[in-house]
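>>> Sequence and predicted structure below; questions after.
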Amino acid sequence: MPDTAARSATGRSAAGPAATALEVRDLHAGYGRATVLHGVSLQVARGEIVSVIGSNGAGKSTLVQTVAGLLPARAGEILLDGEGVTGATAQMRARRGVVLVPEGRRLFGELTVGENIRLGRRAARGRSDDDPVADLLDAFPVVRERWNQQSGLLSGGQQQMVALTRAAASRPRYLLLDEPSLGLSPALTLEVFRLVRLVAERTGAGVVLVEQMADQALRLASRAYVLEQGRVVASGEAGELRRSDAVRKAYLGG
C-alpha cells in the first residue's frame, strides 16, 4: 500500500508510551519455521478502542494471539502498564486482565448463556467488585431473554453478544477482539460493534479490535493500525486513515 500521511515509524500514538497502556514493541512472532510478524509496534490506553485492519494473512490474528500469550514472541517486548509480560503465560496475562475473545466466539455450547457469563465473573475475582453485566443486559435484552438457553443453540450474532458479555463480566483491563463480525450480517455487525463500544465505556478497558470490516472498524475506533505482510504500514487517527486515498483503495472499496 502506498505511504500515507498517517504512517508511523513506531506504531505509537503521538502522546508516546503511557503508564496505563498495553504496549507492543518491535514484536516478531509466527508458527513453526514461518515468521508472520516482523517488528510490529502498537499501543492501546485504558478506555481506548484501537482497530487493526489488513487483508487476510496480514498477521492480525497472530498479533492478538501473541499479545494474549497463546503464541510465544520470538523477539520484541509486550508491556502491561509499564511492566514486561513478554515471558508470562497466557494464564498469568489473563489474571492481570488481558482478555481475548477469539475468532469463532468459542463459548461452552453445552452451557446456558447465564452459565457462560458466570464463568467470566469467576475469572474477575480479585480485580474489581464492579459488575457491568446488568448494564449490558439492559442495553441488549436479547442476552437476558436467552439467559437459560443453551449457548450452542443461539445464532451467530447472539453468540457473539454472549461472548462479549462474558468478557465484560471478567472485568478486563485490555480486551482483544479477533474478527467479532465474522459470519454476521451487516445489521448484526453494527449491533455487535455497538456492544463493543458499550463494553469499553462500562469497563474502562482498552480494546484492540482486529477486523476485516475495515470501514466500520475505523468508524468505531479512535486510532488504528494497518498491517501488511506482518508489518505496520500505516497508523494514526482512525478518521484520518479512513479518509486516506491509499487506505480507501486498499481496504474500503475505493
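Perfect, thanks for sending it.
>>> Where in the chain is the helix or strand with the lowest mean pLDDT?
Counting by mean pLDDT, DSSP states H and E, the chain has its least confident helix or strand at helix 113-123, which shows a mean of 89.
>>> For the longest helix seen in the chain, enumerate the helices and strands it packs against.
If you go by DSSP state H, the chain has its longest helix at helix 186-203. Contacts defined by 3 or more Cβ pairs under 8 Å, 6 or more residues apart in numbering; DSSP states H and E place helix 186-203 against strand 49-53, helix 133-139, helix 156-169, strand 174-178, strand 206-211, helix 214-220. Quick note: C-beta positions are derived from backbone N, CA and C, even for glycine.
>>> ok, now with 10 Å
strand 49-53, strand 98-101, helix 133-139, helix 156-169, strand 174-178, strand 206-211, helix 214-220 (3 or more Cβ pairs under 10 Å, 6 or more residues apart in numbering; DSSP states H and E).
>>> Please save the CA atoms from the fourth one in CSV.
Written as CSV, here are the backbone C-alpha positions of helix 156-169 (Å, rounded to 0.1, in the frame of the first residue of the first chain):
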residue,chain,number,x,y,z
GLY,A,156,-24.0,-16.4,15.4
GLY,A,157,-24.8,-12.8,16.4
GLN,A,158,-26.4,-13.8,19.7
GLN,A,159,-23.3,-16.0,20.5
GLN,A,160,-21.0,-13.0,19.8
MET,A,161,-23.1,-10.9,22.2
VAL,A,162,-22.8,-13.5,24.8
ALA,A,163,-19.1,-13.9,24.3
LEU,A,164,-18.6,-10.1,24.7
THR,A,165,-20.8,-10.0,27.8
ARG,A,166,-18.8,-12.9,29.3
ALA,A,167,-15.6,-11.0,28.5
ALA,A,168,-17.0,-7.8,30.1
ALA,A,169,-18.0,-9.9,33.2
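>>> Also compute the angle for that helix relative to helix 113-123, please.
Helix 156-169 and helix 113-123 are oriented at 30 degrees to each other (axes from the mean of the first three to the mean of the last three Cα atoms, to 10 degrees).
>>> tell me what helix 156-169 is packed against?
The contact analysis (3+ Cβ pairs under 10 Å, 6+ apart) places helix 156-169 against strand 98-101, helix 113-123, helix 133-139, helix 141-145, strand 174-178, helix 186-203.
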